[in-house]
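Student: Quick one, structure for this:
(2 chains)
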Amino acid sequence: MRKIVIGAASAVILAMAASGAQAKTLVYCSEGSPEGFNPAFYTTGTTFDATSKNIFDKLVLFKRGTTEIEPGLAESWEVSPDGKTYTFHLRKGVTFHDSDIFKPTRQFNADDVIWSFERQLKKDHPYHAVSGGTYDYFEGMSMNTLLEKIEKVDDYTVVFHLSRPEAPMLANLAMDFASIFSAEYADKMMKAGTPEVVDQKPIGTGPFMFRGYQKDAQIRYEANPTYWQGKAAIDRLVFVITPDASVRYAKLKAGECHVMPYPNPADLEAMKTDKAVNLMHQEGLNVGYLAYNVEKKPFDDVRVRKALNLAIDKKAIIDAVYQGAGTAATNPIPPTIWSYNKAVKDDAFDPAAAKKLLAEAGVKDLKTTIWAMPVQRPYNPNARRMAEILQANWKAVGVDAEITSYEWGEYLKRAKAGEHETALFGWTGDNGDPDNFLAVLLGCDAIPGNNYARWCDKSFENLIQKAKIATSQEERVKLYEEAQVIFKEQAPWATIAHSVVYEPIRKEVIDYKIDPLGGHIFYGVDLKK
Amino acid sequence: MISFILRRVVLIIPAFIGVTLLAFALIHLIPGDPILVMAGERGVSPARHAMLMTQLGLDRPLWEQYLTYLGKALQGDLGNSIVTRQPVIEEFKTLFPATIELGVFAMVFAVLIGIPAGMLAAVKRGTSLDHGVMVVSLTGYSMPIFWWGLLLIMLVSGILGWTPVSGRIDSIMWIDTVTGFMLIDSLLSDEPGAFLSAVHHLILPAIVVGTIPLAVIARMTRSAMLEVLREDYVRTARAKGVSPGRVVMVHALRNALIPVITVIGLQTGVLLAGAILTETIFAWPGVGKWLVDSINRRDYPAVQGGILLISTVVILVNLLVDVLYGVINPRIRHRR
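Tutor: Here you go, the predicted structure:
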């Protein structure tokens, strides 16, 4: 008997040791601490990486490495002909994670979907104000006015009633704020008198289970063994919080981490020749631009805007400002988004033609100002330098521009009020939908707001409004392509560049894909032994 | 003695008020609307804007805001972080042990090397050894910390591979937080090799944080030693035939150390300042890194609270040094 016990015990120990030795751990050197663990509260990529990208599922998901929508917790859906009712058929047999304080007793169903959206939508929801809840992205995407009612038909059918047709609806539901939480977990924590635990120790249905966070140091995850798409190839995932980009690279070199985001531009050359490192890159889902305030003279004249565009040497800007990590922008949306119109030709760099056009418009000795942002953004690493090049370019065609800058808050406030003549700005896409650029940045409703050109063009507006309510993708593609043609003719902006995103990974990492939406996703990634 | 201590304690009140004023002014000195700055180009709804204004108390008159702030601070309430929604003071408490651990080790390193180096330089005055110590300490003193840290990482971790690049422990190990001091927690855990890993991770950041105090301590020891060595009693001891080693180690050192102790105490502020940059470079999860993160996120309550707490620690340590100095050196106590 004793022998059997010892034998069994040693077998267990051996098995544990063996599994311990074989556990594949992927270490990700993240750039900062997450703000918290409920993605609905926040708007930053750092937080989404640590939460929604790996712990949670949504009704629909972005296909890995693309901005296309694929089924997630909803297996299929129907949209009513008027575009105002969405019926989702939910996936059966999906389990929530377990943890030391929660063991799910039922599978995922309609109640979880309703809980996750009503918490954000209804001010009288018992969880609405928990953890000081503010739902910036939900409101930012106008979901609070768009969603009229969410109805449970049965355990596996949910109907969303909208107040108006909204074509980007599905893309919105694939966003991070739309992560699906467990209603059962929430109820249990509410009864225990600790509702805020739901936001601190997240329980989702995603590929990785949250296992602990040491503030500012590391986050630990374990693969979800019962994930509905199959268990992840790696067993453990660790986020090691490493704010300094050079240090992240040193750790990558030393093998202390496998993947790192946001490399230092100065390190790129070394990374390219590093034998241990595979430097992946992709055009970012962003655009850097110069907005002309079309409400001010002479920028109300399309010839003047066009002439100034012709005078800009984009190649020089990309070399000097982006240090090569950017591509010239033609359209207001990046080429990684569907419906990007390849047929649109960019303005050539032609100072002679610019001078001619200015003369034609009767503009002589134009004096103006260029506003340069005081902060570094992904779409514009050095606005001041960019403004200096623009200044020199315009000088060559007889336009005298002065560079102005304000502290960032002031800059935004004054620009929203329309005080500028021309101003540098940019945008990073939220959900890969063209509407998220064209309507948010150039629609008539966005004045005052993010439409810094204050450009409200009837035919353009018509097209994007039609596209908003169109339900077929083909129809939307056509409308957006046309809208881009009008944009180029009317030139409310000088489109400058889309920055390139670099992602250094170690050579033993298999099948990592850059997310065009800027996330870092580890499901589907494997490690060579 | 008691009246001496009381005098010192009373003196820190204006210092404390000054610090609260500074921390308070911070949010108002920054131009522009802090909420717009936080929100960036994505903007913020007017309702949320109004809510944050009220939450931060920015809609009330300045003097009222300050008094509320001071009153709450005295009760230990520094508000909640806008970003994480956790009380600022709680965040500080969880992160401060990591900073203390780093600071103590940096100081031990600085003292263990700085004092012998300073003594050696004094004893061998005018030799190339003396010049060497002085040049090295001047270099150490003027080294920008972020550059020095990155340089050491590149050389020691990158090329030589002697130490890990950053963090407090091997990322594969998971140590439960009990005391917050990794050296203790790693011993309490059942991860094999955790303690060694923790020590290993501590070496480089401690050297970086300790470099400036080391330089200062070495120079201070040298000059104090030189002064003491000229004193009559040292000459007497020598004349009496006491061995040169004993003269330096016993007779001279004890008196030379008095000013050095003050310097060590005063270096606490320098140490904390150094920790802010060093922690960020080495991904050391202490209050320095937290402060930098909070600045980057424009988390005003956290920045305000962090500055106030760190300054308070510096003030209190200086008070302690003052008192200790009074204990060691009675002349100070009786001076009016």
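Student: Please report how far the closest residue to A:Thr157 other than its chain neighbours lies from A:Asp155.
Tutor: In this structure, A:Thr157 finds its nearest non-sequential neighbour in A:His89, 5.9 Å apart by CB to CB, 6 or more residues apart in numbering or on different chains. Glycine gets a C-beta too; all of them are placed from N, C-alpha and C. Using CB to CB, to the nearest Å, one obtains 11 Å as the distance from A:His89 to A:Asp155.
Student: what do you get for A:Val94?
Tutor: Using CB to CB, one gets 12 Å for the distance from A:Val94 to A:Asp155.
Student: okay, these two: which has more neighbours?
Tutor: A:Val94 (19 against 14; other CB atoms under 10 Å in any protein chain shown).
Student: thinking again about what came up before, run a quick neighbour tally on the residue nearest to A:Thr157.
Tutor: 15.
Student: Also B:His251?
Tutor: Using other CB under 10 Å, B:His251 has 19 other residues around it.
Student: For it, give me its contacts.
Tutor: By CB atoms under 8 Å, 6 or more residues apart in numbering or on different chains, the residues touching B:His251 are B:Tyr233, B:Val234, B:Ala237, B:Val242.
Student: if we go to 6 Å?
Tutor: B:Val234, B:Ala237 (CB atoms under 6 Å, 6 or more residues apart in numbering or on different chains).
Student: Would you tell me which strand is longest in chain A?
Tutor: strand A:493-506 (DSSP state E).
Student: what helices or strands is that strand leaning on?
Tutor: strand A:277-283, strand A:286-292, strand A:326-328 (3 or more CB pairs under 6 Å, 6 or more residues apart in numbering or on different chains; DSSP states H and E).
Student: Within range of chain B, give me the residues from chain A.
Tutor: Counting by CB under 6 Å from any CB of the partner chain, chain A comes close to chain B at A:25, A:27, A:35-36, A:131-132, A:134, A:139, A:215-217, A:220, A:238, A:240-244, A:246-247, A:250-251, A:254, A:256, A:407-410, A:412-413.
Student: for chain B, which spans come out with low pLDDT?
Tutor: Low-confidence segments of chain B (pLDDT under 70): B:30-32, B:41, B:332-336.
Student: Could I get the phi/psi values of the residue nearest the centre of it?
Tutor: For chain B, the residue nearest the mean C-alpha position is B:Leu272 (2.2 Å; CA atoms, centre = their mean). Dihedral pair for B:Leu272: phi -70, psi -40, per degrees, to the nearest 10.
Student: Ignoring the adjacent residues along the chain, who's closest to it?
Tutor: Nearest residue to B:Leu272, sequence neighbours excluded (CB to CB, 6+ apart): B:Ile310, at 5.7 Å.
Student: burial count for that neighbour?
Tutor: For B:Ile310, using other CB under 10 Å, the count is 23.
Student: where does the helix or strand following the longest strand of chain A sit relative to the chain's centre, distance-wise?
Tutor: Downstream of strand A:493-506, the first helix or strand assigned by DSSP states H and E is strand A:509-510. Distance of strand A:509-510 from the chain centroid (CA atoms, centre = their mean, to the nearest Å) equals 23 Å.
Student: Rounded mean pLDDT for strand A:509-510, please.
Tutor: In this model, strand A:509-510 has a mean pLDDT of 96.
Student: Give the partner strands of that strand in its sheet and their orientations.
Tutor: strand A:526-527 (antiparallel) (DSSP bridges).
Student: who in chain B is up against chain A?
Tutor: B:31-33, B:36-37, B:45, B:48, B:83-85, B:94, B:150, B:153, B:158, B:165-167, B:171-172, B:174, B:280-281, B:283, B:285, B:289.
Student: can you give me the helices in the stretch 51-200 of chain A?
Tutor: A:110-121, A:136-140, A:143-146, A:169-173, A:183-191, A:197-200 (DSSP state H, counting those that start in this stretch).
Student: no no, the stretch 201-336 of chain B
Tutor: Using DSSP H, counting those that start in this stretch, helices in the stretch 201-336 of chain B cover B:232-239, B:244-246, B:253-281, B:287-296, B:300-328, B:330-334.
Student: buried set for the fifth one?
Tutor: Along helix B:300-328, the positions that meet the burial threshold by neighbour count (16 or more other CB atoms under 10 Å in any protein chain shown) are B:300-315, B:317-319, B:321-323, B:325-326.
Student: just the shortest one next, same as before
Tutor: For helix B:244-246, burial by neighbour count (16+ other CB under 10 Å) applies to no residue.
Student: Next: the fourth one.
Tutor: Under the neighbour-count criterion of 16+ other CB under 10 Å, helix B:287-296 has B:Val287, B:Gly288, B:Lys289, B:Trp290, B:Leu291, B:Val292, B:Asp293, B:Ser294 buried.
Student: Apart from its neighbours in sequence, what residue is nearest the last one?
Tutor: To tie it back to what came earlier, the one meant is B:Ser294. Excluding the flanking residues, the one nearest B:Ser294 by CB to CB, 6+ apart is B:Ala302, at 3.8 Å.
Student: same check, this time on the fourth one
Tutor: By the measure of CB to CB, 6+ apart, the closest residue to B:Trp290 outside its immediate chain neighbours is B:Leu95, 5.1 Å from it.
Student: Please check the residues of chain B next to chain A and keep the buried ones.
Tutor: Neighbour-count burial (16+ other CB under 10 Å) is assigned, among the residues of chain B next to chain A, to B:32-33, B:36-37, B:48, B:83-85, B:94, B:150, B:153, B:158, B:165-167, B:171, B:174, B:280-281, B:283, B:285, B:289.
Student: Could you check how far A:Leu173 is from A:Val27?
Tutor: Taking CB to CB, one finds A:Leu173 at 32 Å from A:Val27.
Student: Neighbour count: those two, which is higher?
Tutor: A:Leu173 (26 against 23).
Student: From A:Asp515, how far off is that one?
Tutor: For A:Leu173, the distance to A:Asp515 equals 17 Å [CB to CB].
Student: again, but for A:Thr134
Tutor: Distance, A:Thr134 to A:Asp515, using CB to CB: 26 Å.
Student: And for A:Glu75?
Tutor: Between A:Glu75 and A:Asp515 the computed distance is 23 Å (CB to CB).
Student: where does whichever residue of the stretch 151-300 of chain A sits closest to chain B land in three-state SS?
Tutor: Scanning the stretch 151-300 of chain A for the residue nearest chain B gives A:Asp216, at 3.6 Å (criterion: CB to the nearest CB). Secondary structure assignment for A:Asp216 (DSSP: H, G, I helix; E, B strand; the rest coil): coil.
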